[in-house]
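Student: Have a look; sequence and predicted model below, questions after that.
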Amino acid sequence: MKKIIKYFFSCMLFCFPFLVNAKVTCSNGNYNATIDIDKTELTMTDTANITISSDFNYEIEYRMDNEIISINKETGFVTPLKNGNTKVNVVIDFIEEDNSTIECTSILNFNVVSNDSSLKSLTLEELDISAVFNSETLEYEVKLPYSYEKINIIAEANDPNATITGDGRRYLNDGTNEYEIIVTADNGSTTTYKIT
């Protein structure tokens, strides 16, 4: 007959980039295991590792509330699948001598954020520069008649969760005018585009 004792431990997200340590214990059976996670916040190009150590025989199962990440049961290798948050129940079944088990659960939280700080489009209302736009080209130079008093910079990020500053209407001075359009990704990384 299977005996089940549940113990819940919450691990906070703000541990990144430091090692996250969650210790699972079962006080009645004197069982314990240590769960080490090297990071809980990932970008789509990151990976993480969950390492479990125990002096007792155990079986491991990962239960997730959505498909934001995938976890290899054998290696604990964490791969992000898409942006978002997920709660992972790390279920450890400690195996007793009679082959019955005691189940302990640790709750871990993972956050997958975008590192895409590129633009999808960049143009001016007064002069269409979309034909020469390339998301990897960061500087553009345009010439306008002196009669123009202002311009409207129109920018759209590749990632809808990214934020853009520096776009919108800008007044022109005689001579050279420089404007920076800064795209900030979910993970805080930035890319700066310049229009002269």
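Tutor: Yep, it's here. Numbers count the residues shown, from 1 in each chain.
Student: can you pull the pLDDT of the residue nearest the centre of the chain?
Tutor: Ranked by distance to the mean C-alpha position of the chain (CA atoms, centre = their mean), the top residue is Val113 at 2.1 Å. pLDDT for Val113: 92.
Student: From Glu126, how far out is the residue in the chain sticking out farthest from the centre?
Tutor: Largest separation from the mean C-alpha position in the chain: Ser147, at 46.2 Å (CA atoms, centre = their mean). From Ser147 across to Glu126, the span is 11 Å (CB to CB, to the nearest Å). C-beta here means a position set from N, CA and C on the backbone, and glycine is covered the same way.
Student: ok, back up a step: where's the closest residue to the residue nearest to the centre of the chain other than its chain neighbours, which helix or strand?
Tutor: Nearest residue to Val113 in three dimensions, chain neighbours excluded: Asp186, at 3.9 Å (CB to CB, 6 or more residues apart in numbering). Asp186 belongs to no helix or strand when assigned by DSSP states H and E.
Student: Kindly provide the distance from Asp186 to Ala162.
Tutor: Relative to Ala162, and taking CB to CB, Asp186 is found at 7 Å.
Student: Now do the shared contacts for those two.
Tutor: Common neighbours of Asp186 and Ala162, using CB atoms under 8 Å, 6 or more residues apart in numbering, are Ser114.
Student: Fine by me, we can end here.
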